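Asker: What follows is a predicted protein model with its sequence.
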Amino acid sequence: MHCSIVPPSLLRRIARRERGGLQPAADAARRALVRTAGLDRSRQAKVRQLSARPGAPAPRAWRELVPERQVSDAGHTERLPGKRVRDEGGPAVADPADNEAYDGPGATFDLFARAYGRNSLDDAGEALRATVHYGRDYDNAFWNGTRMVFGVGDGQIFPRFTGSLSVIGHELTHGVIQYAANFAYQGQSGALNESVSDVFACLVE
């Protein structure tokens, strides 16, 4: 599973824009496309297994629901999960991306808890895991079935992806959909997956 915020069609267009000072952005887009094509598809079986877990606990008042956030830093490599840099309840750190990847999931958790009484992605308190500084100038953010992963962008067209609460809300909603409906990520069901994630990203904002 690889639900990304920037579609491959847009990355392909950017990859062809080498004039007008956009060479760095074009190079970053090509790297993102190569990385997307090579993602490990063996995760899908694990995702299906996780999504089929039986029986969430009985609903509770939203005030009783608290997130468990885990933020890691890939150090501009493509190794996941990376080094843990912040845990639930820990103080803010110096890097803004680390803090954004902590605060954004908290806001998303809060929406689903307050409005829908949902306890995290799986309605059973699953930890909200994020990895920042993925890859070199990586032009995307994605949900891989177990965590959110954020690139820093190319600095020309895309800034760091953790800076957008909409992006964070969108990617985490893919996790909710995974457990609630497990839509196949292709064709019409894949389009519906993206559309619903967009709606909830707006609601988180």
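Answerer: Cool, got the structure.
Asker: give me the number of residues near the closest residue to residue 152 other than its chain neighbours?
Answerer: Among residues not flanking residue 152 along the chain, residue 160 sits closest, at 4.6 Å (Cβ to Cβ, 6 or more residues apart in numbering). Using the backbone N, CA and C atoms, a C-beta is placed for each residue, glycine as well. By other Cβ atoms under 10 Å, 20 other residues sit near residue 160.
Asker: cool, and residue 178?
Answerer: Neighbour number of residue 178 under other Cβ under 10 Å is 23.
Asker: Would you mind writing the CA trace of the helix or strand encompassing it as PDB?
Answerer: Element membership of residue 178 [criterion: DSSP states H and E] is helix 165-180. Written as PDB, here are the backbone C-alpha positions of helix 165-180 (Å, rounded to 0.1, in the frame of the first residue of the first chain):
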ATOM      1  CA  LEU A 165      -2.100  20.000   8.300                       C
ATOM      2  CA  SER A 166      -4.200  19.000   5.300                       C
ATOM      3  CA  VAL A 167      -1.500  16.600   4.100                       C
ATOM      4  CA  ILE A 168      -1.200  15.000   7.500                       C
ATOM      5  CA  GLY A 169      -5.000  14.700   7.900                       C
ATOM      6  CA  HIS A 170      -5.200  13.200   4.400                       C
ATOM      7  CA  GLU A 171      -2.600  10.500   5.000                       C
ATOM      8  CA  LEU A 172      -3.900   9.500   8.400                       C
ATOM      9  CA  THR A 173      -7.400   9.200   6.900                       C
ATOM     10  CA  HIS A 174      -6.000   6.500   4.500                       C
ATOM     11  CA  GLY A 175      -5.300   4.600   7.700                       C
ATOM     12  CA  VAL A 176      -8.900   5.000   8.900                       C
ATOM     13  CA  ILE A 177     -10.200   3.800   5.500                       C
ATOM     14  CA  GLN A 178      -7.800   0.900   5.600                       C
ATOM     15  CA  TYR A 179      -9.400  -0.400   8.800                       C
ATOM     16  CA  ALA A 180     -13.000   0.700   8.200                       C
END
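Asker: Averaged pLDDT, it. What do you get?
Answerer: On average, the pLDDT along helix 165-180 is 95.
Asker: after it, next one along is what?
Answerer: Per DSSP H and E, helix 165-180 leads on to helix 187-204 as the next helix or strand towards the C-terminus.
Asker: so what secondary structure elements neighbour that next one?
Answerer: Contacts defined by 3 or more Cβ pairs under 8 Å, 6 or more residues apart in numbering; DSSP states H and E place helix 187-204 against strand 3-4, helix 96-116, helix 165-180.
Asker: what's the angle from that helix to helix 96-116?
Answerer: Per axes from the mean of the first three to the mean of the last three Cα atoms, to 10 degrees, the angle that helix 187-204 makes with helix 96-116 is 100 degrees.
Asker: Show me which positions of whichever strand or helix holds residue 24 end up buried.
Answerer: For residue 24, the element it lies in under DSSP H and E is helix 23-37. With burial defined by 16 or more other Cβ atoms under 10 Å, the residues of helix 23-37 counted as buried are 25-33, 35-36.
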